[in-house]
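Asker: Sequence and computational prediction follow.
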Amino acid sequence: MTSDWLTAKEAAEYLKVSHRSVVKWARSGRIPAHRLCGGRHTWRFLRSELDAMLAASSVVPAEREAA
């Protein structure tokens, strides 16, 4: 059974980018992320939020596509 919550490493594998990119994007608010309390900066990502982000970003209007 897979969890809906992903670690930064799992999110990076899911998005096929580096762990460093995922953390950087989380800090800047570029991707939906949830920061956990504690001493270290720990992030968690909901798979459904990442899927929604990917779906929204993959829709390109036809006039922009031709440019």
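Answerer: Ah, there it is.
Asker: What are the neighbouring residues in contact with T7?
Answerer: W43, R44, F45 (CB atoms under 8 Å, 6 or more residues apart in numbering). In this view, the C-beta of every residue, glycine as well, is placed from N, C-alpha and C.
Asker: tally of neighbours for A55?
Answerer: A55 has 9 neighbours, counted by other CB atoms under 10 Å.
Asker: sorry, that was for K9
Answerer: Neighbours of K9 (other CB under 10 Å): 11.
Asker: just checking, it touches H19?
Answerer: Yes. Look at K9 against H19 with CB atoms under 8 Å: they come within range, at 5.4 Å.
Asker: re the thing from before, out of the contacts of T7, flag the one nearest to A56.
Answerer: F45 (15.6 Å; CB to CB).
Asker: so that closest one bridges to which residues?
Answerer: With DSSP bridges as the criterion, F45 is bridged to L6.
Asker: give me the number of residues near it?
Answerer: Using other CB under 10 Å, the number of residues around F45 comes to 24.
Asker: right, and it touches K9 too?
Answerer: No. Using CB under 8 Å, F45 makes no contact with K9, being 10.3 Å away.
Asker: quick one: low-confidence ranges for the protein?
Answerer: 1-2, 39, 58-67 (pLDDT under 70).
Asker: Spell out, range by range, the helices that occur in the protein.
Answerer: With DSSP state H, the ranges of helices along the chain come out as 8-15, 19-28, 47-57, 62-65.
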